[in-house]
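>>> Got a predicted structure here, sequence first:
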Amino acid sequence: MTFEELEQIAAETRENREKSPRELNVCVAAGCLSLHSDAVKKSLEEEVKRTGATCRVRGTGCMGLCSLGPLVASEPSGQFYKSVAAADAAEIVENLEGAPVPRLLCSREQPFFQRQNLIVLENSGRIDPEKIEEYIAVDGYRALVHALTEMNPNEIVQEVSKSGLRGRGGAGYPTGLKWGTVAKTAGTTKYVICNADEGDPGAFMDRSVLESDPHRVLEGMAIAAYAVGATHGYIYVRAEYPLAVKRFGTAIREARRLGFLGSQICNTKFNFDMEVRIGGGAFVCGEETALIASIEGRRGSPRPRPPYPAQAGLWDMPTLINNVETFANIPSIVRRGGDWYASIGTKKSKGTKVFALTGKVRNVGLIEVPMGTTLRQIIYEIGGGVPEGHKFKAVQTGGPSGGCIPEQFLDLSVDYESLRELGSIMGSGGMIVMDDSACMVNVARYFMEFCMSESCGKCIPCRSGTAQMFELLTRMTLGTATARDLELLEELCDMVSSTSLCGLGQSAPNPVLSTLRYFRDEYIEHINEKRCRAGVCECGSAVGVTA
Amino acid sequence: MPLTSKKPPLPSEDKRWRIVNGTMRRHGYARDALIETLHTVQESFGFLDKASLRFVADSLRVPLSQAYGVATFYHFFTMKPPGEHVCLICMGTACYIKGAGALLNEAQAALGIQAGETTADAKASLMTARCIGSCSVAPAVVFDGETMGNVAGKNLREKLAGWRPA
């Protein structure tokens, strides 16, 4: 594959589209699908056939505003329809040219769309994720061809370093530094792994990227493989995401067909191929050493680091592991340059971040904003605030490893450092808004139950510590706890976080610590007054029963 | 490496074993294909049992203890046959905040079983998931593989009642 051939495919695809420019794009990513967008698509197809209208009906990826799905975009008129039902098909097809269907209309001028800055999601909802030609038509695979034919591996690592990109899985380790380490480690066989074991409950960014624009991730992985000298790659996807597995599988086959995977890619000496590995529903497998054990066909137990996977990873070979979103940023960085990427974001956190905005907020969906955007902008401007009748209480970031951030910090900018200072973490991008109907002690108990069940059991602090903390938190929610229990809980938080083997245990106390820091009075109420102000816990009714 | 790589015979005439064999062949009977193969077994038979674990372990030359260890470590694998219908309630954070706990209670009451169990008539199984990534339409429930978003108690009761006509 050369630039000329790539250009030709792109031109042909664009030309075909221009020949009959009218199209109806139906979102067929997970969110809209669960609201039956497949039925909408089918009924639109039938309607087009019946009326003989010249219009293509396409299935595309996520358009972002998932709570108003199923979403349909009519091009080139630009009309955007929300909450479409199969029965609306006739009306939509009838009005392809003329006036829009007012009752379904959804404005794209609203802040939800206007405040975003799309890099990772730039093609989501605009291309058919199962057609490689459509990805090529929007400059897809240009970065790979450019990298292979005009750059040496070291230059790519330099460019990624310059971009300031940091690991989007949550920890924020500088990507360029990681790539450089793997590249420098001697070894004839090296691996590239994409971590798509999106285990945080309340997060669906990676799922959406894989379902909406899988080639972007594949291209990023191929570039990474060339940069670090790897010949084989794996993508480890959760079994809970069957559609993502299917679409990525299609992407691999299509990429092989056009020679972006295989041997002598783009007539160079570079060989690279990859396969999908399906997870088994274990949260701990998001931890890199556990994930490697799982790919090797073993139980997903982590091991102490060092050695880091960069030195001794899969089958003890140098291995590069990055998250889906990290790889998805790579094609844009290679195409537009590290300096361009570094111009977005804050001093230490560059570029954009995709968030899954969910919970008690009006506009639920997938968003991508520059680093440094404030929580208030995200929740109130993009998210439209908390639905009427309730008051904002906290926003949870980072899943079971993160924390709850209260109202007084909403004007803080979102970046790796400031979230850590607040006792939470960036995490993979789940952002769950809670209102006054949520009890913070109950939320802490919820996450502790999660960590307790998901602990792999290898190290004692995590295995027993999480169980003890869960027991203490349960007592608080039942109204049987004493002041001594609170002291014990705090001691355990410290012990578990400082002595656990891997990230799961080390960060398991975070939800407790952050709620204790900002909502201590709620804990005290549960213990002293046997009262839950949100009315979630039944601590009052338990008095006298268990005492 | 043994020179002869004699494979164990298929446990029965059931054609589904050939699908399982196909997965192992595709991976060159490599030991690391264990999890992939168990996925195929569960996809084909609905669950894992002693016979299938033994067959896969022997074929891939891994100790039976390792196969059993893997099968019980990963939540996705089950060693109990599922009911005719499966109701899977997502307990992810977004769903939890929007009332997944109440849905679970309703389902338990309606079916008379706890999460992870199957009704005595083998009609329905009740499962929970950590997060199925359908947070945008929370609370979400998967009925027989089909995800339903914004589920209310009423939807849930109707669906479950339809599975087990009184």
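Sure thing, it's come through. Numbers count the residues shown, from 1 in each chain, chains lettered A, B, ... in the order given.
>>> packing partners for whichever strand or helix holds A:Val433?
Assigning secondary structure by DSSP states H and E places A:Val433 in strand A:430-435. The elements that strand A:430-435 packs onto, with contact taken as 3 or more Cβ pairs under 8 Å, 6 or more residues apart in numbering or on different chains; DSSP states H and E, are strand A:352-359, strand A:392-397, helix B:93-97. Backbone N, C-alpha and C define where each C-beta goes, glycine included.
>>> quick one: the helix or strand following it to chain centroid distance?
Scanning forward in sequence from strand A:430-435 by DSSP H and E, the next helix or strand is helix A:440-454. Distance, stretch centre to chain centre, for helix A:440-454: 21 Å (Cα atoms, centre = their mean, to the nearest Å).
>>> got the contact list for helix A:440-454?
Outside helix A:440-454, the residues that touch it by Cβ atoms under 8 Å, 6 or more residues apart in numbering or on different chains are A:199, A:201, A:282-284, A:393-394, A:396, A:399-400, A:404, A:434, A:462, A:466-467, A:469-470, A:473-474, A:476-477, A:504-505, A:508, A:511-512, A:515-516, A:518-519, A:522-523, A:526, A:532, A:534, A:536-537, B:93, B:96, B:130.
>>> Equivalent analysis for stretch A:173-191, please.
A:153-154, A:156-158, A:160-167, A:224, A:227-234, A:308, A:310-311, A:313-315, A:317-320, A:322, A:326.
>>> Next: stretch A:466-483.
Contacts for stretch A:466-483 (Cβ under 8 Å, 6+ apart): A:439, A:441-442, A:444-445, A:448-449, A:451-452, A:455, A:485-486, A:488-489, A:492-493, A:496, A:505, A:508-509, A:512, A:523, A:526-528, A:530, A:532, A:536-543, A:546-547.
>>> May I see the helices and strands packed on strand A:430-435 arranged in CSV, with mean pLDDT and distance to B:Pro81 as well?
Converted to CSV, the helices and strands packed on strand A:430-435 look like this (pLDDT from 0 to 100; distance: least, Cβ to Cβ, whole Å):
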stretch, mean pLDDT, distance to B:Pro81
strand A:352-359, 96, 34
strand A:392-397, 97, 37
helix B:93-97, 93, 27
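>>> out of those, which comes closest to B:Phe45?
Across those, B:Phe45 has its closest neighbour in helix B:93-97 (29.3 Å, Cβ to Cβ).
>>> Tell me the helices and strands packed up against that closest one.
strand A:352-359, strand A:430-435.
>>> can you state the direction angle for the strand holding A:Val433 and strand A:392-397?
Put simply, strand A:430-435 runs at 170 degrees to strand A:392-397, going by axes from the mean of the first three to the mean of the last three Cα atoms, to 10 degrees.
>>> Tell me what angle strand A:430-435 forms with helix A:440-454.
150 degrees.
>>> Just the CA atoms of strand A:430-435, as PDB, please.
This file holds the C-alpha atoms of strand A:430-435, laid out as PDB (Å, rounded to 0.1, in the frame of the first residue of the first chain):
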ATOM      1  CA  GLY A 430     -16.200   7.300  33.900                       C
ATOM      2  CA  MET A 431     -17.900  10.300  35.400                       C
ATOM      3  CA  ILE A 432     -21.000   9.600  37.500                       C
ATOM      4  CA  VAL A 433     -23.000  12.400  38.800                       C
ATOM      5  CA  MET A 434     -24.800  11.900  42.100                       C
ATOM      6  CA  ASP A 435     -27.500  14.000  43.600                       C
END
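>>> Narrow the contacts of helix A:440-454 to those in strands?
Of the positions in the contacts of helix A:440-454, A:Lys393, A:Ala394, A:Gln396, A:Cys404, A:Met434 sit in strands, assigned by DSSP state E.
>>> what about the helix or strand containing B:Glu36, distance to the chain center?
B:Glu36 is part of helix B:34-45 when elements are defined by DSSP H and E. From the chain centre to the centre of helix B:34-45 is a distance of 10 Å (Cα atoms, centre = their mean).
>>> got the buried residues for it?
Within helix B:34-45, the residues that count as buried by 16 or more other Cβ atoms under 10 Å in any protein chain shown are B:Leu34, B:Ile35, B:Glu36, B:Thr37, B:Leu38, B:His39, B:Thr40, B:Val41, B:Gln42, B:Ser44, B:Phe45.
>>> which of those come close to chain A?
Contacts with chain A are made by B:Leu34, B:Ile35, B:Glu36, B:His39 out of those, judged by Cβ under 8 Å from any Cβ of the partner chain.
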